[in-house]
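>>> I need the structure of the sequence given here:
(chains A, B, C and D)
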There are 2 protein chains.
Amino acid sequence: MKKQTNANEAQECPSERVRQQLHRALRLLSGKWKGEILWQLVDGKQRFGQLRRAIPDVTQHMLTTQLRDLENEGLVKRTVFAEVPPRVEYEMTPAAKALRPVFEELSRWADAHGRLDPDPPAVDDDAKGRISPPDRPSRSAP
Amino acid sequence: MKKQTNANEAQECPSERVRQQLHRALRLLSGKWKGEILWQLVDGKQRFGQLRRAIPDVTQHMLTTQLRDLENEGLVKRTVFAEVPPRVEYEMTPAAKALRPVFEELSRWADAHGRLDPDPPAVDDDAKGRISPPDRPSRSAP
DNA sequence: CTGTATCCTACTGGATACTG
DNA sequence: CAGTATCCAGTAGGATACAG
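Modelled structure (predicted):
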């Protein structure tokens, strides 16, 4: 006797599809630095060294690795300039740019529930509604 | 009591804060099954076995582990009923419920860019605007 | 039914040194 | 400047068996 519920459950159930999408999407971002790297690129292309300075706790090795991952996942475009000194620029692909709403929602959530303490009294909605892209420290810094 | 802004951190720009928030938030969700578990709970409380059936590829061990993580992170509330047979119910905390917009954005994104193929022709905005919570197969199926 | 206890493998992430 | 090559520790994740 076969199940008489939905015979074709795998491809037709929308929630099943959503589940798998969530799984894959979260896996793409699962990496200690992926989120931060992408967020740095939201504002535009960045050089390797700029990213390195913008994310102080990351090592070159890790930055390279995660960057390569993101490239293979189609979230980051890498451009090499044949010059001396060498220059490499990274930028988000359109797919990655579409992630920005996700990041904004996530930041907003973390802002409200980041510590998960039962003590979030002074909540000023006006102050946290907008999320700004990362600052780009110009090279004029000493 | 309000958090005093340290004079030493006078250069604290909002984007720096956002970066750290993203880092922490993604770490909370970094776990092979966390996202799926939470999505299953979006619709309401679920028993251990229900979750297990809803996420076919997860083992008890992993389900237990990730559930404990989520509990310690304050995203899931665990309720044990002293009965035979034993019953344990899991439900999202308010903090986790606030994550729903994030999941919806993420699902929407994965739907559009999940495969990252340059071939997404049949885009029906009307069909993908709404994200449904997971189906709950009732126990009435013998 | 809902777990815990082992054990074990693979992968992630980090330190360091070297290269074009 | 922007990598690559090793090496290595810690941990996440999975199989299996057992228990309340």
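>>> Residues of chain A that sit close to DNA strand D?
Taking CB under 7 Å from any atom of the strand as the contact definition, chain A meets DNA strand D at A:47-49, A:52, A:60-61, A:64, A:67-68, A:78, A:80, A:85-88. Every C-beta, even on glycine, is put in place using the N, C-alpha and C of the backbone.
>>> and if we set it to 6 Å?
By CB under 6 Å from any atom of the strand, the part of chain A that sits against DNA strand D consists of A:47, A:48, A:49, A:60, A:61, A:64, A:85, A:86, A:87, A:88.
>>> The first one contacts residue A:88, correct?
Yes - if you go by CB atoms under 8 Å, residue A:47 and residue A:88 touch, sitting 6.5 Å apart.
>>> Run through the residues that contact residue A:106.
Residues in contact with residue A:106, defined by CB atoms under 8 Å, 6 or more residues apart in numbering or on different chains, are B:21, B:22, B:25, B:26, B:102.
>>> I'd like those written out as CSV, with secondary structure, distance to DNA strand C and pLDDT added.
Formatted as CSV, the entries for the contacts of residue A:106 read as follows, by DSSP: H, G, I helix; E, B strand; the rest coil; distance: CB to the nearest atom of the strand, whole Å; pLDDT from 0 to 100:
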residue, secondary structure, distance to DNA strand C, pLDDT
B:21, helix, 18, 88
B:22, helix, 14, 89
B:25, helix, 15, 93
B:26, helix, 10, 94
B:102, helix, 20, 94
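>>> Going through the residues of chain A next to DNA strand D, which ones are buried?
Of the members of the residues of chain A next to DNA strand D, the ones counted as buried by neighbours, 16 or more other CB atoms under 10 Å in any protein chain shown, are residue A:48.
>>> DNA strand C next: which of the residues of chain A next to DNA strand D are close?
Intersecting the residues of chain A next to DNA strand D with the contacts of DNA strand C gives A:61, A:86 (criterion: CB under 6 Å from any atom of the strand).
>>> one step back: could you pick out which of the contacts of residue A:106 are near chain A?
B:21, B:22, B:25, B:26, B:102 (CB under 8 Å from any CB of the partner chain).
>>> just so I have it, where are all the strands in chain A?
Taking DSSP state E, the strands of chain A run over residues A:46-47, A:76-81, A:87-92.
>>> wait, residue A:89 sits on residue A:83?
No - shown here, residue A:89 and residue A:83 do not form a contact pair, counting by CB under 8 Å, at 11.5 Å.
>>> So if I had to pick from those two, which one is more boxed in?
Set residue A:89 next to residue A:83 and count neighbours by other CB atoms under 10 Å in any protein chain shown: residue A:89 wins out with 16 against 7.
>>> partner residues bridging that one?
Bridge pairing for residue A:89 (DSSP bridges) gives the partners residue A:47, residue A:79.
>>> what sits against residue A:134?
Residues counted as contacts of residue A:134 (CB under 8 Å, 6+ apart) are A:39, A:40, A:42, A:43, A:54, B:15, B:16, B:18, B:19.
>>> Quick check: chain neighbours aside, which residue is closest to the third one?
This means residue A:42. Counting by CB to CB, 6 or more residues apart in numbering or on different chains, residue A:42 lies nearest to residue A:133, which is 4.7 Å off, once chain neighbours are set aside.
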